[in-house]
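In: sequence-free structure coming up:
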């Protein structure tokens with residue numbers, strides 16, 4: 001009987017450890033937006049990163065707050081819309097070929113900075 005118990009316990013412990021590691025990774029996930037004069041770098045660490053040229057930006061606005069029901073991380077949200085989400089305040093970034101919903105702690109500051117970069121081009 002001890003062999004049967006260890007045959008059940010070990011895989012169970014490995015599964016619990018894997019779930020705990022994945023949960024920790026998701027809880028520590030962050031979204032960042034780096035803006036300079038030519039590009040915007042969107043990052044959902046540690047999984048995803050992309051760049052958007054300032055010249056491709058059509059509009060930037062604040063978006064409704066996101067929540068757990070919207071999902072976390074890189075999300076495909078429907079018709080040509082992608083999300084980088086960790087919940088809370090967000091911005092909507094419209095480009096020539098895609099719409100982004102991006103979580104950010106300071107949406108008004110991000111909107112203002114990107115609008116300033118668009119005006120300067």
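Out: Yep, that arrived. These numbers were taken from a predicted model, which means no experiment stands behind them.
In: going forward, measure contacts and count neighbours with C-alpha atoms only.
Out: OK.
In: Closest to the centroid, which residue in this protein?
Out: residue 84 (2.3 Å; Cα atoms, centre = their mean).
In: Quick check: beta-bridge partners of it?
Out: Per DSSP bridges, the residues bridged to residue 84 are residue 74, residue 102.
In: Could you list which residues are in contact with it?
Out: 31, 43, 44, 72, 73, 74, 75, 100, 101, 102, 103 (Cα atoms under 8 Å, 6 or more residues apart in numbering).
In: Any buried residues in stretch 26-43, and which?
Out: In terms of neighbour count (16 or more other Cα atoms under 10 Å), stretch 26-43 has its buried residues at 29, 30, 31, 32, 35, 39, 40, 42, 43.
In: And the longest strand seen in the chain, what's buried?
Out: Ranked by residue count, the top strand of the chain under DSSP state E comes out as strand 57-66. Using 16+ other Cα under 10 Å as the test for burial, strand 57-66 gives 57, 60, 61, 62, 65, 66.
In: After the lowest-mean-pLDDT helix or strand in the chain, which helix or strand is next?
Out: In the chain, no helix or strand scores lower on mean pLDDT, DSSP states H and E than helix 2-27, which sits at a mean of 76. Sequence-wise, the next helix or strand downstream of helix 2-27 (DSSP states H and E) is strand 30-35.
In: so what does that following strand touch, helix or strand wise?
Out: strand 39-45 (3 or more Cα pairs under 8 Å, 6 or more residues apart in numbering; DSSP states H and E).
In: Check which strands are paired with the helix or strand just after the strand it packs on and give the direction for each one.
Out: Next helix or strand after strand 39-45 toward the C-terminus (DSSP H and E): strand 48-53. Looking at strand 48-53 with DSSP bridges, its partner strands are strand 39-45 (antiparallel).
In: who touches the strand it pairs with?
Out: With Cα under 8 Å, 6+ apart, strand 39-45 has contacts from 29-35, 49-54, 73-74, 84-85.
In: thinking again about what came up before, pLDDT value on the residue nearest to the centre of the chain, please?
Out: Looking at residue 84, its pLDDT stands at 94.
In: Could you do residue 36 as well?
Out: So, for residue 36, pLDDT stands at 88.
In: Go through the buried residues of strand 57-66 and say which is closest to residue 23.
Out: residue 66 (19.1 Å; Cα to Cα).
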